[in-house]
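J.: Coordinates for the following, if possible.
(chains A, B, C and D)
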2 protein chains.
Amino acid sequence: MRADAKRNLSKIVEAAAEAIAEHGAAVPMSVVAARAGVGVGTLYRRFPDRPALLAAIGEYYIHHLHDALTVSSREPDAWQALRWYVAWVAAPGRSALAGALVDVPVDIVTSHPEFARRRTQWEEDLATLVRRAQAEGDMRADVTVDDLIALLKLFTCSGAADDPVRHLHLMLDGLQTAAATPMPQ
Amino acid sequence: MRADAKRNLSKIVEAAAEAIAEHGAAVPMSVVAARAGVGVGTLYRRFPDRPALLAAIGEYYIHHLHDALTVSSREPDAWQALRWYVAWVAAPGRSALAGALVDVPVDIVTSHPEFARRRTQWEEDLATLVRRAQAEGDMRADVTVDDLIALLKLFTCSGAADDPVRHLHLMLDGLQTAAATPMPQ
DNA sequence: CACTAAGCGGAAGAAGATCGTCCAGTTCGG
DNA sequence: CCGAACTGGACGATCTTCTTCCGCTTAGTG
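T.: So this is what the prediction gives:
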């Protein structure tokens, strides 16, 4: 592979992640190409179609998500760790990327076992952190890791909130032990 | 206006509200027509274009939103009233409609003063209810009506949550006085 | 009942967006 | 310096939705 081709490839991966984070997984290929500073032809030579691009970005960036979780899990206070991690994931410019990784189509997942393995590991580690926070008495016991992921996904739809960080923390407050209120009905 | 035409008009209004609630304000006109059981020609005869349809639905349905608020405001406990009302607004099949009403384009609003008046009144009444809940000590004082609306809007993006009612209540718990946690940084 | 005008449905063409291909021209690297 | 590798972006295909139009249907009147 020629040096310039290699350079363009990494520019494309970078740009695709940014573009997906900004516009969601359905971002036009031409936007990705423009952002990378290459023509669409170059983009299509590396990734024959959109699924191939999504799969590549997914494999590449699920690491980031998982690594950050591993780092924040070292914090002794599990609730603080969770709070920090959730804020990190839902930060502007990252939430849509994370959402896209969670929602990668099934056919792509099945054809990329390494991606599937990493993502499962990520979900399990997040569940472990949730259980720790609950065991330490800071997080209400009636909330599951699925609730957490569902609430996080709310923040991935663009244009929803002016101040996502503020609203994210308001939401997190609802998951604390002190906040527990019986569900009506 | 002929009797059958009148019948079709109300079927269209009904269907449009449902379709917008389900698919958002950008729902194809053909979907609205199909749902109403009429041809697209009939739809376009009543409403020359999409803005006309949105404006009509907006004028018609902002009443519902406001009336329900008026009713629930009679509840002596403001926090309970708010909780009830928010759950009502965000119920499946209604949240997207409410979101669409909040997000009606500016040009439509300016050309429909009656709609604008009603919507402003709705926002003011909601703010009053929030202030009451805060005065009664049930709702944290650092939350504004804009926060509430922003959080509600999160639920309007389709497919976000499997169990919106559950997640809505988790979120509401974060707005209680007991839940207040200092924002980081 | 018969007639007419209002109303109807949906085919069809316009408009816009994105996809994915292709090739003439450029650049790398031996 | 040469050829193979690579590039950009114009272009035709395809898909989606909008909107118009017109031949047929039907309500409602006399």
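J.: Let's see the helix or strand encompassing A:A16 as PDB, backbone CA atoms only.
T.: Secondary structure assignment for A:A16, by DSSP states H and E: helix A:3-23. What follows is helix A:3-23, C-alpha atoms only, in PDB (Å, rounded to 0.1, in the frame of the first residue of the first chain):
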ATOM      1  CA  ALA A   3       2.100   5.900   1.700                       C
ATOM      2  CA  ASP A   4      -0.500   8.400   0.500                       C
ATOM      3  CA  ALA A   5      -3.100   5.700   0.400                       C
ATOM      4  CA  LYS A   6      -2.300   4.800   4.000                       C
ATOM      5  CA  ARG A   7      -2.600   8.400   5.000                       C
ATOM      6  CA  ASN A   8      -6.000   8.800   3.300                       C
ATOM      7  CA  LEU A   9      -7.200   5.600   5.000                       C
ATOM      8  CA  SER A  10      -6.600   6.900   8.500                       C
ATOM      9  CA  LYS A  11      -8.100  10.300   7.500                       C
ATOM     10  CA  ILE A  12     -11.200   8.500   6.400                       C
ATOM     11  CA  VAL A  13     -11.600   6.500   9.600                       C
ATOM     12  CA  GLU A  14     -11.100   9.600  11.600                       C
ATOM     13  CA  ALA A  15     -13.600  11.600   9.500                       C
ATOM     14  CA  ALA A  16     -16.200   8.800   9.400                       C
ATOM     15  CA  ALA A  17     -16.200   8.500  13.200                       C
ATOM     16  CA  GLU A  18     -16.700  12.300  13.600                       C
ATOM     17  CA  ALA A  19     -19.300  12.400  10.900                       C
ATOM     18  CA  ILE A  20     -21.300   9.500  12.400                       C
ATOM     19  CA  ALA A  21     -21.000  11.100  15.800                       C
ATOM     20  CA  GLU A  22     -22.400  14.300  14.400                       C
ATOM     21  CA  HIS A  23     -25.100  13.100  12.000                       C
END
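J.: elements contacting the helix or strand following it?
T.: Tracing the chain C-terminally past helix A:3-23 and defining elements by DSSP H and E, one meets helix A:29-36 next. The criterion is 3 or more Cβ pairs under 8 Å, 6 or more residues apart in numbering or on different chains; DSSP states H and E, and the helices and strands that helix A:29-36 contacts are helix A:3-23, helix A:40-46, helix A:50-73. From N, CA and C alone the C-beta is placed, and that goes for glycine too.
J.: Tell me the residues of chain A that contact chain B?
T.: A:83, A:87, A:143, A:147, A:150-151, A:153-157, A:160-163, A:166-167, A:169-176, A:178-181, A:183-184 (Cβ under 8 Å from any Cβ of the partner chain).
J.: residue contacts, the residue nearest to A:E136 when sequence neighbours are not counted?
T.: Excluding its sequence neighbours, the residue lying closest to A:E136 (Cβ to Cβ, 6 or more residues apart in numbering or on different chains) is A:A78, at 5.4 Å. A:A78 is in contact with A:L129, A:R132, A:A133, A:A135, A:E136, A:D138, A:M139, counting by Cβ atoms under 8 Å, 6 or more residues apart in numbering or on different chains.
J.: What of A:L168?
T.: A:V86, A:A87, A:A90, A:F155.
J.: so of these, which ones are in helices?
T.: Those of the contacts of A:L168 mapping onto helices are A:V86, A:A87, per DSSP state H.
J.: Next, format the contacts of A:L168 as a markdown table and append neighbour count and distance to A:L69.
T.: Shown next, in a markdown table, are the contacts of A:L168 (neighbours: other Cβ atoms under 10 Å in any protein chain shown; distance: Cβ to Cβ, whole Å):
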| residue | neighbour count | distance to A:L69 |
| --- | --- | --- |
| A:V86 | 22 | 10 |
| A:A87 | 17 | 13 |
| A:A90 | 25 | 13 |
| A:F155 | 26 | 17 |
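J.: Got the domain ranges for chain A?
T.: Using automatic domain parsing, the domain parsing of chain A gives A:1-48, A:50-179.
J.: circling back: out of the contacts of A:A78, who's the most crowded?
T.: Of all these, A:M139 has the most neighbours under the rule other Cβ atoms under 10 Å in any protein chain shown, reaching 25 neighbours.
J.: wait, what's in contact with it?
T.: A:A78, A:W79, A:L82, A:V130, A:A133, A:L175, A:Q176, A:T177.
J.: now do 6 Å
T.: Neighbour list for A:M139: A:W79, A:A133, A:L175 [criterion: Cβ atoms under 6 Å, 6 or more residues apart in numbering or on different chains].
J.: What's the end-to-end length of stretch A:88-108?
T.: 26 Å (Cα to Cα, to the nearest Å).
J.: coming back round to it: what's the closest of the helices and strands packed on helix A:29-36 to B:G41?
T.: helix A:3-23 (35.4 Å; Cβ to Cβ).
J.: In chain A, where is pLDDT below threshold?
T.: Counting by pLDDT under 70, the low-confidence segments of chain A come to A:158-161, A:180-185.
J.: Identify the residue of it closest to DNA strand C, quick one.
T.: At 2.9 Å from DNA strand C, A:A3 is the closest residue in chain A, using Cβ to the nearest atom of the strand.
J.: Just give me the neighbour total for that residue.
T.: For A:A3, using other Cβ under 10 Å, the count is 7.
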